[in-house]
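In: After the sequence you'll find the predicted model.
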Amino acid sequence: MMTGFWTSMRRDLVLANRHKSEWLTALFFFVMVTNLLPLGVGPEVSLLRKIAPGVLWIGALLSTLLGLQRLFSSDHGDGTLEQMALSPVPLAWLVAGKMVTHWLVCGLPVVLMAPLLGIQFDLPTRSLGILVLSLLLGTPILSAVGALGAALTLGLRGGGALLSLLILPLYIPALIFGAGAVEADLAGISPQGHLSLLGALLVLSVFFSPWVTSLALRIALE
Amino acid sequence: MSNSVINWFKYASPATFYPLAGRLVPWFSGLAVLLIAWGLWIGLFVAPTDAQQSEGYRIIFVHVPASWLSMFIYCVMAFWSALGLAFNTRLSGMLTAALAPTGALFAFLSLWTGALWGKPMWGAWWVWDARLTSQLILFFLYLGFIALQSAIDDPRRADRAGALLALVGVVNIPIIYFSVQWWNTLHQGASVSLTKAPSMAHIMLEGMLIMALGFWSYAIAVVLTRVRCIILERELTSEWVKRNAVD
């Protein structure tokens, strides 16, 4: 089982390494979106600091959406996914490997880039730490929940727009607690409650998502 | 049904459910018209003016039943989805698909009447508190479900994918229901509960419950009518449709 997980993960990592533009685009998108906002609302520092947690979190949310569509579609196109479903290794483990890879190539770069963008929004150092922590807890939730949406919309007309319609409502709790943690810290309150809830969401989604996603994949492959 | 064992699956077949639904629809439609008329009469003419909120509070006779139903219908959808995934019954998927538009309608009605009430009471059409936001998410979940189902051509896959989505989304229902207790929100706490005496006048409660029953009957009538259409659409080529359903 673990071998299946590692193999699936390594394979996707190699693929991601060969198509660097795919995930670099998502990262660049994150940078672009968050940089557009100050240009839109004006460079007033106090306002920027106020909207920074929300803007950075929404940027992270949207940029993970970009990579999700390709999570299963190319494997679905060339029949690899069917072979995975037929293999003796539980599909949930292979899916888990793909999810972890998605987080490594789409989530982790966002987490690493976030403090830099946070500086542009004039966040204090302590809040930058909380921002990174909340994104570190939160972006795996985005990958886990997003994988389910990708599996449900696999091979459908207008899959991309549909995917965002299905998944964004489910992202809202992560957004509220993630951005809430940073906002609480900015306001001088302890962000611990928000971070604990975010951690609970993380455990729940990472535990259930591979299983539910593999069910959704089997429905799509029928 | 002469044997003593109840055949639970008798009406799980579209062929037997179709005529049953057809017989039930007129009853529930009549009941809905009567109850809603009665409830509105109590709500608009009989119930006394509220001491704090004056006449504006009367919107609760639509708002509260609509909110209840929007949450309840989603639970019913999740129930039929689970049943459909477990037993692989075709009818459950059709029922779920038929429930979704009515649920979305009630969720929208709840948000809309809430906004109409919020303007004079809170001074704002919309506030971002936990209950309003989670109710809005519920509305989005309904829309997502409908969009997913309509994007999939194969009805079997549409049913199963939709069922999975409905089951994942049902996590939101307890969050909406308990949001006024968990978070310190602007939205008032529940006025009606099963465990303690209601915090409102008896006649208001009566009107609200009658309205809720009326909305319930309306929802049942509409959903049964819609499920009959879906059954006909999907079973168009089957023998029993050609034999019976033409009349």
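Out: Here it is on my side, so go on. Residues are numbered from 1 along each chain as shown, chains lettered A, B, ... in the order given.
In: Output the set of residues of chain A in proximity to chain B.
Out: On the criterion CB under 8 Å from any CB of the partner chain, chain B has as its neighbours in chain A the residues A:148, A:152-153, A:156-159, A:162, A:165-166, A:168-170, A:172-173, A:176, A:212, A:215-216, A:219-220, A:222. Just so you know, the C-beta spots here come from the backbone N, C-alpha and C atoms, and that holds for glycine as well.
In: which of the residues you listed count as buried?
Out: By neighbour count, with 16 or more other CB atoms under 10 Å in any protein chain shown, those hold A:148, A:152-153, A:156, A:159, A:162, A:165-166, A:168-170, A:172-173, A:176, A:212, A:215-216, A:219-220 as buried.
In: okay, now residue 104: neighbour count?
Out: All of this is about chain A. 17 (other CB atoms under 10 Å in any protein chain shown).
In: The chain in question should be chain B.
Out: If we define neighbours as other CB under 10 Å, then B:Ala104 has 21 of them.
In: near chain A, anything from the host helix or strand of it?
Out: Element membership for B:Ala104 (DSSP states H and E) is helix B:90-122. No - using CB under 8 Å from any CB, we find that helix B:90-122 stays clear of chain A, coming within 11.6 Å at best.
In: Please identify the buried residues of that helix?
Out: By neighbour count on 16+ other CB under 10 Å, the buried set for helix B:90-122 is B:90-100, B:102-111, B:113-115, B:117-118, B:121.
In: from chain A, which residue is nearest to chain B?
Out: A:Pro169 (4.0 Å; CB to the nearest CB).
In: The helix ranked longest in chain A - contacts with which helices or strands?
Out: Assignment by DSSP state H gives helix A:192-221 as the longest helix of chain A. For helix A:192-221, the elements it packs on are helix A:70-77, helix A:80-86, helix A:91-102, helix A:125-152, helix A:159-186, helix B:155-169, judged by 3 or more CB pairs under 8 Å, 6 or more residues apart in numbering or on different chains; DSSP states H and E.
In: Need those helices in CSV (columns: mean pLDDT and distance to B:Trp128).
Out: Putting the helices and strands packed on helix A:192-221 into CSV (pLDDT from 0 to 100; distance: least, CB to CB, whole Å) gives the following:
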stretch, mean pLDDT, distance to B:Trp128
helix A:70-77, 86, 32
helix A:80-86, 88, 40
helix A:91-102, 92, 31
helix A:125-152, 92, 19
helix A:159-186, 87, 10
helix B:155-169, 89, 21
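In: Could you export those helices as TSV, including distance to B:Val33?
Out: Converted to TSV, these look like this (distance: least, CB to CB, whole Å):
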stretch	distance to B:Val33
helix A:70-77	49
helix A:80-86	51
helix A:91-102	50
helix A:125-152	39
helix A:159-186	34
helix B:155-169	30
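In: quick one, the longest helix of chain A and helix A:159-186 angle?
Out: Counting by axes from the mean of the first three to the mean of the last three CA atoms, to 10 degrees, helix A:192-221 lies at 170 degrees to helix A:159-186.
In: So which bits of helix A:192-221 are buried?
Out: In helix A:192-221, counting by 16+ other CB under 10 Å, buried: A:194-195, A:197-198, A:201-202, A:205-206, A:209-217, A:219-221.
In: In chain B, what residue comes closest to chain A?
Out: Counting by CB to the nearest CB, chain B gets nearest to chain A through B:Phe140 (4.0 Å).
In: Now for the spatially closest residue to that residue that is not a sequence neighbour: which residues touch it?
Out: Leaving aside its chain neighbours, B:Phe140 sits nearest to A:Pro169 (4.0 Å; criterion: CB to CB, 6 or more residues apart in numbering or on different chains). With contacts defined as CB atoms under 8 Å, 6 or more residues apart in numbering or on different chains, A:Pro169 is in contact with B:137, B:140-141, B:144, B:169.
In: Tell me the predicted confidence for residue 222.
Out: Since you didn't name a chain, this refers to chain A. Here the pLDDT value assigned to A:Glu222 is 80.
In: I was thinking of chain B, sorry if that wasn't clear
Out: On the pLDDT scale, B:Val222 gets 94.
In: okay, now it: neighbour count?
Out: 19.
In: what's the spacing between it and B:Ala86?
Out: Distance, B:Val222 to B:Ala86, using CB to CB, to the nearest Å: 27 Å.
In: do the same with B:Gln149
Out: Where B:Ala86 is concerned, B:Gln149 sits at a distance of 19 Å (CB to CB).
In: Give me the more crowded residue out of these two.
Out: Remark: of B:Gln149 and B:Ala86, B:Gln149 carries more neighbours, 21 against 10, as counted by other CB under 10 Å.
In: Please name the residues that touch that one.
Out: So B:Gln149 contacts B:97, B:100, B:158-159, B:161-162 (CB under 8 Å, 6+ apart).
In: tilt between the longest helix of chain A and helix A:125-152?
Out: Using the same axes, to 10 degrees: helix A:192-221 against helix A:125-152 is 20 degrees.
In: Helix A:192-221: how far from the chain's middle?
Out: 12 Å (CA atoms, centre = their mean, to the nearest Å).
In: can you list the residues of chain B near chain A?
Out: Contacts of chain B with chain A, taken as CB under 8 Å from any CB, map to B:133, B:137, B:140-141, B:143-144, B:147-148, B:151-152, B:156-157, B:160-161, B:164-165, B:168-169, B:175.
In: make it 10 Å
Out: B:85, B:128, B:130, B:133-134, B:136-148, B:150-154, B:156-165, B:167-169, B:171-172, B:175 (CB under 10 Å from any CB of the partner chain).
In: Next, give phi and psi for the residue nearest the centre of chain B.
Out: The C-alpha lying nearest the average C-alpha coordinate of chain B belongs to B:Ile73 (CA atoms, centre = their mean; 3.4 Å). Main-chain dihedrals, B:Ile73, degrees, to the nearest 10: phi -60, psi -40.
In: show me what contacts the closest residue to it other than its chain neighbours?
Out: Spatial nearest neighbour of B:Ile73, excluding adjacent residues (CB to CB, 6+ apart): B:Gly103 at 3.7 Å. Listed by CB atoms under 10 Å, 6 or more residues apart in numbering or on different chains, the contact set of B:Gly103 reads B:69-77, B:96, B:138-139, B:141-142, B:145-146, B:219, B:223.
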